[in-house]
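**Student:** What shape does this take:
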Amino acid sequence: MANPQSEVRTPQPFWRRLFGAPADTGDADVVFPPGFLEALDRLRIAALKAAGGGLKEGHRLGAYRGGQLEFHDHRGYSPGDDLRYLDWNLYARLGKPFVKEFAREEAGAIHLLLDASASMALGTPSKWTFARRLGALFAHVAWSARDQARTFVFGHGVLAEGERLRSFPPRGSRPGTGELLEWLRKERVAPPAAERDAGEEGEGTHVNTEGGILMNAVRAFLREAPTRGRVFIVSDFWYEEREIAAAFQALSAAGFDTAALHVLAPEESAVPEPGELRILSLEETGEVELNHTPAAAARYGEELDAHAAAVEGVLRRRGGQYLFAPSDAALEKVLLQTLRRRHWIT
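**Tutor:** Numbers count the residues shown, from 1 in each chain. Model prediction:
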């Protein structure tokens, strides 16, 4: 007997492979345990000068206020990395190619791009709650080190020509972590496509233009003429891989060091039990019915891994950094330790 039909949601219908249960879309408060932020006051965000991806030592050094280039880690070689930074001694010992990465002592300017598209509502806590808390963490560390930090929100549609991203702090105002947390609490993810189409076009829904949501958001960010520095994009990256590559390329060409934090809800990473599924889209209208078999589950896992590898690959080839994290990761312990171990925060 076939299992009863179940209903799940997928961020993007073109994948047709993401099976997960709908999550509570309510917005949890963006809060931290008492004393946690104060414990970060002596940390700083390192400005990566990756020696791979075609970057040259000294490239874009004018974006930062000082400090020295220092070796901080190895990473696996990716096609396109500059062979001058291959660690030949390590290759001789292990038989595997690794390249050296370097970091400056100070980052100078930090830009946080948080994805608020409809798919970010998935998870408990939601990916959107995770993204906002992570953005607040980075901003607080930057301000404590007297660096600049600005937070941008995108994902409510493709911006019309000349339209600006919502951002904090307002021009000319003095930044503060408390004010940022309050601003982030009020920011909402975009409504599902079905809700948008059911009524009139609402606030935050913009005229479609060519390029896609992510690429269009990067263009809008660059129109702000921001100070060159580090860009952190926190997203589930349910975008076409061509668009992701174009967005990373645009940031690299403009002189920014880019880091991607790829966040997925646990139910997006898990494969559901075999049975009949009806997959609904949060980002676009439409649905598809299929019989979920063990073979389909195996392909799902392969496709998801391939997509994550593609996102990481296009970023690495441009000298950027990549980190995957589930939305239920303990930010105060597990993720912060990972960020410090990888020298994103020092």
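**Student:** so who does the residue most central in space within the chain touch?
**Tutor:** For the chain, the residue nearest the mean C-alpha position is Val234 (2.3 Å; Cα atoms, centre = their mean). Contacts for Val234 (Cβ atoms under 8 Å, 6 or more residues apart in numbering) come out as 112-115, 130-131, 134-135, 261, 263. (Glycine included, C-beta is placed from N, CA and C.)
**Student:** Surely it forms part of a strand?
**Tutor:** Yes. Counting by DSSP: H, G, I helix; E, B strand; the rest coil, Val234 falls inside a strand.
**Student:** partner residues bridging it?
**Tutor:** For Val234, the beta-bridge partners under DSSP bridges are Leu114, Leu261.
**Student:** For it, give its distance to Phe98.
**Tutor:** Distance from Val234 to Phe98, counting by Cβ to Cβ, to the nearest Å: 27 Å.
**Student:** Do a quick rundown of the helices in the stretch 151-300 of the chain.
**Tutor:** Taking DSSP state H, counting those that start in this stretch, the helices of the stretch 151-300 of the chain run over residues 177-186, 193-198, 213-223, 241-253, 266-269, 294-316.
**Student:** Buried residues in the longest one, which are they?
**Tutor:** Neighbour-count burial for helix 294-316 flags 297, 300, 304, 307-308, 311-316 (criterion: 16 or more other Cβ atoms under 10 Å).
**Student:** Rank those by pLDDT and give me only the lowest.
**Tutor:** The member of the buried residues of helix 294-316 with the lowest pLDDT is Ala297, at 72.
**Student:** what about that one, distance to Lys127?
**Tutor:** Counting by Cβ to Cβ, the gap from Ala297 to Lys127 is 22 Å.
**Student:** Repeat that for Phe36.
**Tutor:** 21 Å.
**Student:** and what of Ala295?
**Tutor:** Distance of Ala295 to Lys127, given as Cβ to Cβ: 28 Å.
**Student:** surely Gln321 meets Val311?
**Tutor:** No. Gln321 lies out of contact with Val311 (Cβ atoms under 8 Å); the separation is 11.9 Å.
**Student:** Please identify every residue contacting each of those two.
**Tutor:** Shared contacts of Gln321 and Val311, defined by Cβ under 8 Å, 6+ apart, comprise Ala260.
**Student:** Output stretch 322-335 in PDB with nothing but the alpha carbons.
**Tutor:** Extracted C-alpha coordinates of stretch 322-335, given in PDB (Å, rounded to 0.1, in the frame of the first residue of the first chain):
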ATOM      1  CA  TYR A 322      33.200  29.000   1.800                       C
ATOM      2  CA  LEU A 323      31.600  27.500   4.900                       C
ATOM      3  CA  PHE A 324      28.500  25.300   5.100                       C
ATOM      4  CA  ALA A 325      26.400  25.400   8.200                       C
ATOM      5  CA  PRO A 326      23.000  23.900   9.200                       C
ATOM      6  CA  SER A 327      20.500  26.500  10.500                       C
ATOM      7  CA  ASP A 328      20.300  24.700  13.900                       C
ATOM      8  CA  ALA A 329      24.000  24.900  14.500                       C
ATOM      9  CA  ALA A 330      24.900  26.300  17.900                       C
ATOM     10  CA  LEU A 331      26.200  29.700  17.000                       C
ATOM     11  CA  GLU A 332      27.700  30.500  20.300                       C
ATOM     12  CA  LYS A 333      29.800  27.300  20.400                       C
ATOM     13  CA  VAL A 334      30.100  25.100  17.300                       C
ATOM     14  CA  LEU A 335      30.000  27.800  14.600                       C
END
